[in-house]
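S.K.: I would like to see how this sequence folds:
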Amino acid sequence: MSNLSLYTITALLILDTDGHRVLAKYYAPPHESGIPNELGAGPGAPGSAGLASVKEQKVFEKGVWEKIRRGGGEIHPLPPHLILTRTTTDLTFILVGPLSTSNELMLHQTLTAFHDAVSLLLRGQIEKRNVLEGLDLVMLAADETIDDGVILETDAAAIAARVSRPKADTTDIVINEQTIMSAYSTLKERVTQRIGQL
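M.R.: Here you go, the predicted model:
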């Protein structure tokens, strides 16, 4: 029986059609000592120092891109990692977990939830340009989905609702023909009263 851990996500990536980074979030547990040895996941797994520098991350992303570019479905083993992908028009959403202890169904559900939440937030327009314009919402959705490698939420609607929740002190003001006519009548009465006072 293997040791289980909540820290199941190594990285969340969004790459464009050329394999360049649009969004990259790498996760390491707050208590890094001992995690890779307990799980037997090897270098680059959650908690290891294998993907700490930007240079190492870029090399890793290039290797991931080469692996998924060859095709072969949505799940790709790249020891010591397990890579799950979801492709849109010009972007590839990638979730990376440790190969030895990952639950593929849970990782797939997490990636699907993040992708669908981004789709809800961007009103179905998941393209590179829209993702870059709404990068703040996409990053908030990533933070609501995964925190330090721990899966927080797998419901896309809940993630999108948390990200796009309106502020409590704002109210919707409905402007229609009736409110404009009411404002005009009030203004007309006050102007008539002022003229009458002169």
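S.K.: in the protein, which residue is most central in space?
M.R.: A142 (2.8 Å; Cα atoms, centre = their mean).
S.K.: contact partners for that one?
M.R.: Neighbour list for A142: 12, 23, 25, 114 [criterion: Cβ atoms under 8 Å, 6 or more residues apart in numbering]. C-beta: built from backbone N, CA, C; applies to glycine.
S.K.: check which helix or strand covers it.
M.R.: If you go by DSSP states H and E, A142 is part of helix 135-145.
S.K.: what residues sit buried inside that helix?
M.R.: The neighbour-count check on helix 135-145 (16 or more other Cβ atoms under 10 Å) flags 137-138, 140-142, 144-145 as buried.
S.K.: for stretch 92-107, same thing?
M.R.: Buried positions in stretch 92-107, judged by neighbour count with 16+ other Cβ under 10 Å: 92-102, 107.
S.K.: determine the longest helix present in the protein.
M.R.: For the chain, the helix with the greatest residue count under DSSP state H is helix 177-197.
S.K.: who touches that one?
M.R.: Contacts of helix 177-197 (Cβ under 8 Å, 6+ apart): none.
S.K.: then it to PDB, C-alphas only?
M.R.: Only the C-alpha atoms of helix 177-197 are listed here, as PDB (Å, rounded to 0.1, in the frame of the first residue of the first chain):
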ATOM      1  CA  GLU A 177     -37.400  54.200 -20.600                       C
ATOM      2  CA  GLN A 178     -39.500  54.600 -17.400                       C
ATOM      3  CA  THR A 179     -36.600  55.700 -15.200                       C
ATOM      4  CA  ILE A 180     -35.400  58.200 -17.800                       C
ATOM      5  CA  MET A 181     -38.900  59.700 -18.100                       C
ATOM      6  CA  SER A 182     -39.200  59.800 -14.300                       C
ATOM      7  CA  ALA A 183     -35.800  61.700 -14.100                       C
ATOM      8  CA  TYR A 184     -36.900  64.000 -16.900                       C
ATOM      9  CA  SER A 185     -40.200  64.800 -15.100                       C
ATOM     10  CA  THR A 186     -38.400  65.500 -11.800                       C
ATOM     11  CA  LEU A 187     -35.900  67.800 -13.600                       C
ATOM     12  CA  LYS A 188     -38.800  69.600 -15.500                       C
ATOM     13  CA  GLU A 189     -40.700  70.200 -12.200                       C
ATOM     14  CA  ARG A 190     -37.600  71.600 -10.400                       C
ATOM     15  CA  VAL A 191     -36.700  73.900 -13.300                       C
ATOM     16  CA  THR A 192     -40.300  75.200 -13.400                       C
ATOM     17  CA  GLN A 193     -40.200  75.900  -9.700                       C
ATOM     18  CA  ARG A 194     -36.900  77.800 -10.000                       C
ATOM     19  CA  ILE A 195     -38.200  79.900 -12.800                       C
ATOM     20  CA  GLY A 196     -41.300  80.600 -10.800                       C
ATOM     21  CA  GLN A 197     -39.200  81.800  -7.900                       C
END
